[in-house]
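> A predicted structure for the sequence below; I have some questions about it.
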Amino acid sequence: MSLSHAIEATLEEYSDALVELIGIVGMVMLVVGSTLEEGTLVQRLLFLVGPIVLLLVAYHNREMMLTVLQVVIILGSAMAFFPTVPLAGRLPVLMGAAILSVGYLVWIDYRRKDRFWPIGGAGLLMLAAGFTISSAHLVAFNALLAVGSVLMAVYSTLGLIFLRVRIMAIWIVLNVAFAIAPGIRLVALLN
């Protein structure tokens, strides 16, 4: 191995570590946002900026499933700045983006690169549906967010273990954290 190849490999390794660190920052922003009072400006900003950071990380790593997930989450977070938008306005934006994203992954035959993406695709559709109905229907909202997050955590775990995609660890932690709160709220609503 020549010196230039060794330098290039070292820089690539540091670059990947830096991108992972940036992803962790995005994840922390979202986790901190989830601990803040619901609907505050700071929470909305963290829920908007965190997914943008994660979008860049997913895109850098060429993880299309995570990239389209973050696009839909960014759209949902942006909609939080406009709480008066009715369901008829949120539906085509959020569900349309999710359906187009899943359709795109089918069209490009993404299964050849990532055989587990249909699990993530189902989680994406559930999350988009939850963001669409928002808190207008609390039982469905919490059920969709909890199930969608669990599916994304399962997808990320499979990607980390079997496909050796290291950044999936970020999405595992994030989705486990985001499955807990709506799961607890759902149990409380059903009791």
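All right, it came through fine.

> CA atoms for contacts and neighbours, from now on please.
OK.

> ranges for the helices of the chain?
Assigned by DSSP state H, the chain shows helices spanning 3-35, 41-60, 64-79, 87-90, 96-107, 117-133, 138-162, 168-190.

> Mind checking the pLDDT average for the third one?
Averaging the model's pLDDT scores along helix 64-79 yields 95.

> So what does the spatially closest residue to residue 158 that is not a sequence neighbour have for phi and psi?
Counting by Cα to Cα, 6 or more residues apart in numbering, the nearest residue to residue 158 once its immediate chain neighbours are dropped is residue 116, at 7.0 Å. Per-residue torsions, residue 116: phi -100, psi 0 (degrees, to the nearest 10).

> Please verify my assumption that residue 116 contacts residue 160.
No: applying Cα atoms under 8 Å as the test, residue 116 and residue 160 come out as separate, 10.8 Å apart.

> Could you measure from residue 43 over to residue 132?
Here the criterion is Cα to Cα, to the nearest Å. By it, residue 43 lies 18 Å from residue 132.

> Residue 104 too?
For residue 104, the distance to residue 132 - Cα to Cα - is 20 Å.

> Tell me how many other residues crowd residue 143.
Residue neighbour count, defined by other Cα atoms under 10 Å, stands at 21 for residue 143.

> Can you give me the pLDDT of the residue lying closest to residue 151 once chain neighbours are set aside?
Distances taken as Cα to Cα, 6+ apart put residue 123 closest to residue 151, at 4.9 Å, once the chain neighbours are dropped. Note on residue 123: pLDDT of 98.
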